[in-house]
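Visitor: only the shape, not the letters, is given here:
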């Protein structure tokens with residue numbers, strides 16, 4: 001358990017908002033748009049060498065499918081994040097967690113609060129936030145958050161302890177896990 005001083009408790013009286021990271025969104029966008037561009041470039045190179053009126057070869061179709069998939073993923077994953085860049089994705093307060101567009105999840109109702117990192121060989125390729133209460137579960141893609149897993153868990157612990165709703169049995173009584 002972390003000690004929370006009176007000074008820190010007064011600083012924690014105001015909520016902490018977590019936004020999408022511009023740098024991480026830019027990297028994701030470059031990756032997806034770059035995939036489209038490279039695939040379209042090679043499709044064009046192959047297509048331009050084909051005789052006029054010839055049907056498209058299988059490699060051209062495959063490259064066009066890759067380009068279309070990259071564009072689709074950009075539209076579904078990155079573009080909505082760019083459009084809501086100024087609004088917080090998550091607000092951590094003494095009352096609990098509030099996800100954009102969702103009602104407040106109070107600290108005493110949360111039985112699972114996990115940051116799940118995906119990847120291998122020391123390289124993180126994705127991250128998701130899983131928060132569950134007895135009546136609902138929220139999953140959010142967290143790879144583009146402007147904080148790390150360690151920072152998120154530290155903030156949650158500090159805000160929960162400063163709220164006075166912290167119990168020692170915690171989520172283990174409900175079968176959940178708070179920390180990865």
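Guide: Looks like it came in fine. Note that this is a predicted model, so its numbers are computed, not measured. Residues are numbered from 1 along each chain as shown.
Visitor: could you check the pLDDT of residue 49?
Guide: On the pLDDT scale, residue 49 is placed at 78.
Visitor: the one 4 residues further on now?
Guide: At residue 53 the predicted local confidence, pLDDT, stands at 67.
Visitor: going along the chain, name the strands of this structure.
Guide: Taking DSSP state E, the strands of the chain run over residues 16-18, 90-92, 96-99, 105-106, 110-120, 123-133, 137-141.
Visitor: can you report how many residues lie near residue 15?
Guide: 13 (other CB atoms under 10 Å). Where you see a C-beta, it was placed from the backbone N, CA and C, and this is true even at glycine.
Visitor: please read the previous query as pertaining to residue 147.
Guide: For residue 147, using other CB under 10 Å, the count is 18.
Visitor: bridged to the closest residue to it other than its chain neighbours, which residues?
Guide: Spatial nearest neighbour of residue 147, chain neighbours left out: residue 18 (5.6 Å); criterion: CB to CB, 6 or more residues apart in numbering. When assigned by DSSP bridges, residue 18 has beta-bridge partners residue 90.
Visitor: surely residue 18 and residue 92 touch.
Guide: Yes - using CB atoms under 8 Å, residue 18 makes contact with residue 92 at a distance of 7.0 Å.
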